[in-house]
Each structure stands twice: as structure tokens, then as C-alpha cells.
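1. Starting from these lines, generate the structure:
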Amino acid sequence: MLVFKDMTNMKKFNKIAILTLLAAFTGMSQGCKDYFDKNDNPNQVQQPPINSLLSTATHKAGLNGQRFASFNTFYAQYQASASAGGATDTYQITDQSSQWDNAYYAMADLHDMIVKSEASGATEHLGVAQLLMGYTLGLVADTWGSAPYSEAFGQNGALTPKYDSEEQLYQTSVTLIEKSIANLQKTDATIRLNAASDLIHAGNRAAWLKTAYGIQARFLNKISKKAAYSPAAVLGAVEKSYTTNADDAGMAVFAGINPWSQLAVSNAGALLGGWLSDNFIDHMNGVKYGILDPRIAKITDKTVNGIYKGTRNGAGNLGPAANTVLDENYISLISPLTNRTSPLFVITYAELKFIEAEAAFRSGPAGRARAYAAYLAGIRANMDKLQVIAADRDAYVTNPIVSVGEQNLTLALIFKEKYAATYLSADAWNDVRRHDYKYKDFKLPEGAVIPNFIRRVAYPSAERAENASNVPADVSLDTPLWWDKP
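-> Numbering: from 1, shown residues only. From the prediction side, this is the model:
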């Protein structure tokens, strides 16, 4: 591990730079500890102001969601490699050490923010830190399974921290979110959230409280395969969360441009990346469901042949000219999600409507009307987010393939529409796994090295080198996580 040495005598890392507009916060340090150097660096700020930690925490929350999505969207088959036999496409063991490290760097900062907030009575900062800790820990647990937490960040004096179980990590996240909600409900904070330092909700405590309930609903819904799943608890959290797209939690401050848009810029320069899977494109272009989804024009450009065509995972781009003629679809600058200034969304109103639809549906016949209304509202919300014109939106929603009537609504339809609405979300792979990859004509990658769809990622090589005695034994990558099995 890079972040688990004794916190009293570890060197501080520099904080990530966050553009000129945050120049007021220059000199802030990252709260992470160097694994090898046990001396404090006298040139770094050892006690960063609490609002400096807030800017770091909110910045990293947005970036880490994108970083995890940058590889797990290949598993959800939004993206596909332009080259045949791509390691991620074909479920080979890949080393995601940078994502692991970035998540733990962020959690080390959040640990410091929690300690500092508790000591000063800054309940608003404490609530944000607890929420983002639960969220980031979820990214780790949903990717690798068991991971260090209870002995991380120097807790209990551990230099090589033990791994908490998947179920323990899930409960830790849920508890952190519950504590976050309790703190964000308080109105007597000694220090208020600073608008300039808060890169997600600009210092709005009430907005953070809605986001906390939304992330709570997501976590509670994730255990749909477990006996402890409670539709009523999910719906209770949804009811206290977002009511419009304007509530969405997005981070839009970059050292350059939105990282998704960089893929589109690179494609224009023949540096290939960001090609879209045929499973996803055929989900949207009418091939699978017999209806063209107008959101596709707000996600990608037509090919040079004037059509929408995806890349087969594992097969690579099949066109001529070394994949440089844009004859298959790719992440595009035209999209409100992937242009140069697009925010990186942590959670959205549209996603919550689909969470509501699923939980209401699972609650039984009495919830069917609510499920159907939420299902249609989720489609409309996502279309509005993508700036689909009203006439195209309404034509799609009212088509009998989509508006099937509440008695004909199925979980498959809810998952189908949610898959479209969570394009490039780090959390989408969770839904794909919960749905057991059972989207219509969803194909296993060509040349996959395991016989089934992937369910987890191998532990990073750096962690195996530095905490080898605690890293769990290897299992096949098609082994489900704790929440992914009954």
C-alpha cells in the first residue's frame, strides 16, 4: 500500500493542481503518506485548512469516478478497443494500480478531513467527507472485493493493513453514508462549506444532503440479490433525494479538459481510444430493439458511412486504413457528457428514477404504477440531460416498444433503459453484473480468456508487492462479488 504507514511520521504528497481559478488555494498539500519516506517534508503544509481539503476531496471524487469508469466501461461494453485482442476487452489480468492508488490517496485526504472536521465541529465538512469516503470505498470494493479499511491510514498502528471482507466494506460504506446524512442535517456547523472550495455543490449543504440520500439509495439498491434487500428502504432514500436534473452532482474543474473529451481529441489525431462497443451501439441504433434511440446522436457522431456502428469487443475495428477513418463510432465532443467542459457526474436524477423504478417494481404489484411512472421519468430526464429535442424525446417515450403500460413493465425493460442512461458511469458495471449481463443479444467478447462474463478485477501488482501477506488469494475473474450472488 502507498497510504498505510504511521500517520505521525510520514511524508506528505503534493495535492493535485486544480487550474488557475483555484490559485487562492496554492500551497495546499495532499494528505497522503509516502510508503517509503518516513520523514515529514518541511516544505509541505502539514495541516492544510479544512476548505483546502474540501476542494481536494470534491475534485478527486469526480476524477476517480471517471478513472474507474475508464476501464470498467469496457466490461460494461460501452467502450471497446480498436485493436483486436485488447487485454481489457478479453478479460486478461490487467494492472489497475493507478486507480487503486488514486482511490486510497483520496481516502487518506478524506480521513484527514474527517479527523479535522470532528475536532473543530465542522459538521458540514464532516458530512461531505464521510459521504465521499463511503462513495470512494465503494469504488474499490465493487472492483476488487475485499480491501484494507479498518487498519488503513495508520489506524490501529498497522503498517501492513489487513483486508476487510466485501460485506464489511459494504456495511462500512452504508454506515459512513448514514453518519453523513446525520451531519448534513445539522445547522450549527462551526465552519460553513466554502462555495469556491466545493467543486460539486458550491457550498450548498442542502444539495449535499440530497446527494447523500441519492448515494444511500444506490448502495441499498445494489444488494438486490441479497435477503436483506429492502425496497422500502431504497424508496425512502429516493424520496429525500433529487427532484430534477438541476440537482445532479457533477465536478467540472480540470487541469486541461474533461478526460473523456481527451479521447475524442486523440481520435482526431489518430491516437486511438474511446471507440464504442457494438453491444452498446446496437442497444441504441435500432438493431436490438427495433427503435432508434435519439440519444445516440447526443453521444456519438455517425461514421464516415453515415451510420451508427460499434466495435466488437475483442475483435477490434474491422475497417480499413488502420482504424483512422472513423468508420466505427467513438466517444465524441458533440456530447453534453464528453465535450471539453462537461462535468464528471457522481450521481444523477435520471439514475435515481431508475433506482426508484426497480425498487418499486421489486416491492410487488402495489408498486407497479410507481415503478412505471419512474421508468418513464428516468428516460425523459436523461433525454433532457443530453439535450434531445422535445419532439424526438416524446416520440421515443410514447412508442409502444417503450410505453408498454404498467402491467407489461419488466425488470428487463428497467435495466435496458438504465443502461442507456448510465453511459460512462463508474457505477454502470454494478448494474450490468446485477442484471447478469442479460441485455438483449449481449455478446461475450471475442477471444475472452475466461468462459463467462467478468465479475471482478485482479489485485494490483504494487499491492501484491507491498502488502503481500494480506492480499487475498487469486480467484477467477468471473467469480461474483459478495453482493452479486444470492
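
2. what about the spatially closest residue to residue 378 that is not a sequence neighbour, neighbour count?
-> In this structure, residue 378 finds its nearest non-sequential neighbour in residue 353, 3.4 Å apart by Cβ to Cβ, 6 or more residues apart in numbering. Where C-beta positions appear, they are placed from N, C-alpha and C, glycine not excepted. The tally of other residues near residue 353 (other Cβ atoms under 10 Å) stands at 26.

3. pretty sure residue 92 contacts residue 449?
-> Yes: assessed by Cβ atoms under 8 Å, residue 92 is found in contact with residue 449 at 5.6 Å.

4. other SSEs contacting the helix or strand hosting the residue nearest to residue 378?
-> Residue 353 belongs to helix 349-362 when assigned by DSSP states H and E. With contacts defined as 3 or more Cβ pairs under 8 Å, 6 or more residues apart in numbering; DSSP states H and E, the packing partners of helix 349-362 are helix 205-222, helix 231-239, helix 368-385, helix 411-421.

5. So what's the model's average confidence on it?
-> Helix 349-362 shows an average pLDDT of 98 in the prediction.

6. contact partners of it?
-> 214, 217-218, 221, 224, 229, 231, 234-235, 238, 241-245, 247-248, 367-368, 370-372, 374-375, 377-378, 381-382, 385, 409, 411, 414-415, 417-418, 421-422, 425, 427 (Cβ atoms under 8 Å, 6 or more residues apart in numbering).

7. so residue 274 touches residue 261, yeah?
-> No: applying Cβ under 8 Å, one finds residue 274 not in contact with residue 261, separated by 9.2 Å.

8. Comparing the two, which shows the higher neighbour count?
-> More neighbours surround residue 274 than the other of residue 274 and residue 261, with 26 against 22 (other Cβ under 10 Å).

9. Now do the same for the more buried one: its pLDDT.
-> The predicted local confidence for residue 274 is 88.

10. Can you tell me, leaving aside adjacent residues, what's nearest to it?
-> Ranked by Cβ to Cβ, 6+ apart and with sequence neighbours excluded, the top spatial neighbour of residue 274 is residue 263, at 3.1 Å.

11. and the one you found, what is it in contact with?
-> 273-274, 330-331, 338.

12. and the helix holding residue 353, how far from the chain's centre?
-> Taking the mean of its C-alpha atoms, helix 349-362 sits 17 Å from the chain's own mean (Cα atoms, centre = their mean, to the nearest Å).

13. Could you list the low-pLDDT ranges of the stretch 301-450 of the chain?
-> 320-324 (pLDDT under 70).

14. what's the domain layout of this protein?
-> The chain resolves into domains spanning 12-245+451-464, 259-323 when parsed by automatic domain parsing.

15. hmm, back to that, buried subset of the contacts of helix 349-362?
-> 214, 217-218, 221, 224, 229, 231, 234-235, 238, 241-242, 247-248, 367-368, 370-372, 374-375, 377-378, 381-382, 385, 409, 411, 414-415, 417-418, 421-422, 425, 427 (16 or more other Cβ atoms under 10 Å).

16. and the residue positioned nearest the centre of the chain, how far is that from residue 70?
-> When Cα atoms, centre = their mean is applied to the chain, the residue found nearest the centroid is residue 426 (2.6 Å). Residue 426 sits 9 Å away from residue 70, going by Cβ to Cβ, to the nearest Å.

17. tilt between the helix ranked longest in the chain and helix 205-222?
-> Looking across the chain with DSSP state H, the single longest helix is helix 50-75. Relative orientation of helix 50-75 versus helix 205-222 (axes from the mean of the first three to the mean of the last three Cα atoms, to 10 degrees): 30 degrees.

18. Going forward, the N-terminal residue is numbered 80.
-> Fine by me, first position is 80 from now on; the one you just mentioned is helix 129-154.

19. any idea of the mean pLDDT for helix 129-154?
-> Helix 129-154 comes out at a mean pLDDT of 97.

20. same question, stretch 328-342
-> Rounded mean pLDDT across stretch 328-342 is 94.

21. So residue 332 sits against residue 138, correct?
-> Yes: the pair residue 332 / residue 138 is scored as a contact, 6.2 Å apart, by Cβ under 8 Å.

22. Which residue of the two possesses the greater neighbour count?
-> Counted by other Cβ under 10 Å, residue 332 and residue 138 do not tie: residue 138 has more neighbours, with 26 against 18.

23. Would you tell me what helix or strand residue 172 is located in?
-> Assigned by DSSP H and E, residue 172 falls outside every helix and strand.

24. Apart from its chain neighbours, what residue comes closest to it?
-> residue 537 (4.5 Å).

25. List the residues that contact that neighbour.
-> Counting by Cβ under 8 Å, 6+ apart, residue 537 has contacts 172-174, 223, 553, 556.

26. What's the PyMOL syntax to select whichever of those residues are buried?
-> The following PyMOL line selects those of the contacts of residue 537 that are buried, judged by 16+ other Cβ under 10 Å:
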select buried, resi 174+223+556
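
27. Just name the closest of the contacts of residue 537 to residue 247, please.
-> Relative to residue 247, the closest of those is residue 223; by Cβ to Cβ it sits at 13.7 Å.

28. Do I have it right that the closest one meets residue 535?
-> Yes: between residue 223 and residue 535 there is a contact at 6.6 Å, judged by Cβ under 8 Å.

29. overlap in contacts of these two?
-> Common neighbours of residue 223 and residue 535, counting by Cβ under 8 Å, 6+ apart, are absent.

30. okay, now the residue nearest to residue 368 when sequence neighbours are not counted: neighbour count?
-> Sequence neighbours aside, residue 480 is the residue nearest to residue 368 in space, at 6.2 Å (criterion: Cβ to Cβ, 6+ apart). Other residues near residue 480 come to 11 when the count uses other Cβ under 10 Å.

31. Residue 480 belongs to a helix?
-> No: membership of residue 480 in a helix is not supported by DSSP: H, G, I helix; E, B strand; the rest coil, which gives coil.

32. so what's it up against?
-> 368-370.

33. again with residue 253
-> Going by Cβ under 8 Å, 6+ apart, residue 253 touches 213, 295, 298-299.

34. mind listing the helices for this protein?
-> 129-154, 176-199, 202-223, 245-263, 284-301, 310-318, 338-347, 357-363, 428-441, 447-464, 469-477, 490-500, 507-513, 540-545.

35. Could I get those helices in CSV, plus columns for distance to residue 561?
-> Output for these, formatted as CSV (distance: least, Cβ to Cβ, whole Å):
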stretch, distance to residue 561
helix 129-154, 17
helix 176-199, 19
helix 202-223, 9
helix 245-263, 4
helix 284-301, 10
helix 310-318, 18
helix 338-347, 30
helix 357-363, 26
helix 428-441, 19
helix 447-464, 26
helix 469-477, 36
helix 490-500, 21
helix 507-513, 12
helix 540-545, 19
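
36. Nearest to residue 383, out of those helices?
-> Of those, nearest to residue 383 by Cβ to Cβ is helix 338-347, at 12.6 Å.

37. residues of that closest one that come out buried?
-> Quick answer for helix 338-347 (16+ other Cβ under 10 Å): 338-344, 346.
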